[in-house]
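*Asks:* Sequence and predicted model, in that order:
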Amino acid sequence: MNTRLARVSILGMALAMAWPASAANSRRDEPVMPAANRAASNEVLIQEAAWNNALINRDGTALNDILADEFTFKDAAGKTYTKAQYVAAFLRVARSPYYSMTEVRPTPAGDKATATGRLTVSRTNASGDFRFSDSLVKRAGRWQVVTSQETRVSGK
């Protein structure tokens with residue numbers, strides 16, 4: 001995938017993920033999000049989409065940029081991975097025929113943010129529907145993921 005197509009793909013995914021959040025903010029019974037939080041929310045959505053794209057394409061360079069050095073991941077079985085273990089695991093697996101993030105809701109607070117959502121995976125070694133919760137920190141002008149946890153959605 002060329003760089004321009006990847007950027008367009010990431011932006012498209014970010015906009016699609018942002019739609020539910022922006023639609024919710026347009027309802028009269030909810031407060032309007034301040035401009036700084038909207039900007040941070042959009043940046044977090046773009047970073048989440050870039051992470052999703054890096055996983056689909058097994059892009060180790062992108063994963064190393066997106067994940068903070070102290071990154072930890074807890075999978076649905078409760079196993080904890082360091083950044084090195086997580087990246088190595090994804091680089092070993094075959095490309096996923098289906099890997100989709102939906103219902104992504106960023107919650108920024110200054111230079112920290114959380115993002116929650118739903119992840120649907122279909123591949124030979126791990127398939128199912130999961131809920132995820134990511135913690136991000138903004139450093140030197142860019143967001144990095146510090147922790148991530150997945151929980152399997154029951155019945156799937």
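*Replies:* Looks like it came in fine.

*Asks:* Kindly give the local confidence score, pLDDT, for the residue nearest the centre of the chain.
*Replies:* Closest to where the C-alpha atoms of the chain average out (CA atoms, centre = their mean) is E48, at 3.1 Å. If you check E48, the pLDDT there is 95.

*Asks:* With R4 instead?
*Replies:* 41.

*Asks:* do the same with the one 3 residues further on
*Replies:* Taken from the predicted model, the pLDDT recorded for R7 is 44.

*Asks:* contacts for stretch 101-117?
*Replies:* 13, 17-18, 20-21, 37, 40-41, 44-45, 48-49, 52, 118-120, 131-139, 143 (CB atoms under 8 Å, 6 or more residues apart in numbering). To be clear about C-beta, it is placed using only N, CA and C from the backbone, and glycine gets the same treatment.

*Asks:* sorry, back to before: report the buried residues of the host helix or strand of the residue nearest to the centre of the chain.
*Replies:* In the assignment (DSSP states H and E), E48 maps to helix 35-56. For helix 35-56, the neighbour count (16 or more other CB atoms under 10 Å) marks 37-38, 40-56 as buried.

*Asks:* just checking, what packs against that helix?
*Replies:* Using 3 or more CB pairs under 8 Å, 6 or more residues apart in numbering; DSSP states H and E, the elements in contact with helix 35-56 are helix 3-25, helix 60-66, strand 98-109, strand 112-122, strand 128-139, strand 142-152.
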